[in-house]
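Requesting a structural model of the entry that follows:
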Amino acid sequence: MRLPLYILPGLSPEAAAAQHPGFTVILNTATPPAGALSLTGCVCCTGRNELRDTLNSLYLDWAHDRAGVKGAVLVPDAGADIGDLCEYLEDDLMLRARYEVQEA
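You can find the predicted model right below:
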């Protein structure tokens, strides 16, 4: 089974969590709000490995029913190249097998 993954640029973490209850919010910020995961690198370039590792770890938590995960919401910076990000997610075989990018 593939988990849903929403990419919602420019949305606040609180709004993302409210729109998708039970989903893990992943964003680029040094001080994430409670319940959100933070990446140190930009998801468009330097943070791709960290994004991959975070998503794979989240999937394993879901597979072992550890955290009640329903899916993930990725909130990249407003200037992120969403097309490039989606291409990266599709090109990574493990991420493509584990996640299905959803329309907002």
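
At which residues are the helices of this structure located?
Remark: helices assigned in the chain by DSSP state H are 13-19, 48-63, 82-91, 93-98.

gap between the residue lying closest to residue 6 once chain neighbours are set aside and residue 93?
Leaving aside its chain neighbours, residue 6 sits nearest to residue 73 (4.7 Å; criterion: Cβ to Cβ, 6 or more residues apart in numbering). Any C-beta I mention is one placed from the backbone N, CA and C, and that applies to glycine too. Computed as Cβ to Cβ, to the nearest Å, the residue 73 to residue 93 distance reads 22 Å.

returning to what we had before: take the helices of the chain and write them to TSV, including mean neighbour count.
Formatted as TSV, these follow (neighbours: other Cβ atoms under 10 Å):
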stretch	mean neighbour count
helix 13-19	16
helix 48-63	17
helix 82-91	14
helix 93-98	13
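
Would you convert these into JSON lines that also reports distance to residue 3 and mean pLDDT?
As requested, those are arranged in JSON lines below (distance: least, Cβ to Cβ, whole Å; pLDDT from 0 to 100):
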{"stretch": "helix 13-19", "distance to residue 3": "16", "mean pLDDT": "88"}
{"stretch": "helix 48-63", "distance to residue 3": "6", "mean pLDDT": "88"}
{"stretch": "helix 82-91", "distance to residue 3": "12", "mean pLDDT": "87"}
{"stretch": "helix 93-98", "distance to residue 3": "6", "mean pLDDT": "94"}
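
Among those, which comes closest to residue 27?
With Cβ to Cβ, the closest approach to residue 27 among the helices of the chain belongs to helix 13-19: 5.7 Å.
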